[in-house]
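S.K.: Take this sequence and fold it.
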Amino acid sequence: MSPARQQTVHAVNGFAYGCVGADIHVFGDGVPLYVLQRWRPETRPDPAWLLDLPSRMPNARFAVLDFTGREEELVDLRHWRDHGPRLSVRWLHAPGGQGKSRLASQFAKESEVAGWSVVTAARDPGR
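M.R.: You can find the predicted model right below:
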């Protein structure tokens, strides 16, 4: 017989936060707004699939090329992670094509290796 489980949901200012499995679902007015879920690196797609449409290769989530550069930004992010508040969020913003996704992915990988829990916020759960 499995042990009893209990879930506590907190509602604050019209938003409810509840854990489903290992993911945190955030609801406003009964509608899912976003899910906080453990970060997982993208799996590399089949090379034949990429070659069918070469325009797929620059997509950051496929990480066709190894990450290089951005050392100054990584140093800044590491300092924030290691010397900032224990629980906090960092927002990366710039025009499209500037490398935000690759930088965030690289930093997430490094942070997991360093023993941190890495979480992503996904809009429209199920996407």
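
S.K.: What is the burial count for the closest residue to Ala60 other than its chain neighbours?
M.R.: Once flanking residues are discounted, Ala60 sits nearest to Ser101: 3.8 Å by Cβ to Cβ, 6 or more residues apart in numbering. All C-beta spots, glycine's among them, are computed from the backbone N, C-alpha and C. Ser101: 16 surrounding residues under other Cβ atoms under 10 Å.

S.K.: Name the next helix or strand following the helix or strand encompassing Ser101 along the chain.
M.R.: Using DSSP states H and E, Ser101 sits in helix 100-113. Sequence order places strand 119-123 as the next helix or strand after helix 100-113, per DSSP H and E.

S.K.: returning to that earlier point: as CSV, could you dump the C-alpha coordinates of the helix holding Ser101?
M.R.: Provided in CSV are the C-alpha atoms of helix 100-113 (Å, rounded to 0.1, in the frame of the first residue of the first chain):
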residue,chain,number,x,y,z
LYS,A,100,19.4,34.2,-25.5
SER,A,101,18.2,30.6,-25.8
ARG,A,102,21.6,29.2,-26.2
LEU,A,103,23.0,31.3,-23.4
ALA,A,104,20.2,30.2,-21.1
SER,A,105,20.6,26.6,-22.0
GLN,A,106,24.4,26.7,-21.5
PHE,A,107,23.9,28.4,-18.1
ALA,A,108,21.2,25.8,-17.1
LYS,A,109,23.6,22.9,-18.0
GLU,A,110,26.4,24.5,-15.9
SER,A,111,24.0,25.2,-13.0
GLU,A,112,22.7,21.6,-12.9
VAL,A,113,26.3,20.3,-12.9
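
S.K.: re earlier: can you pull the pLDDT of the residue nearest to Ala60?
M.R.: Ser101 is assigned a predicted lDDT (pLDDT) of 84.

S.K.: returning to that earlier point: and the helix holding Ser101, what other elements does it pack with?
M.R.: With contacts taken as 3 or more Cβ pairs under 8 Å, 6 or more residues apart in numbering; DSSP states H and E, helix 100-113 sits against helix 71-83.
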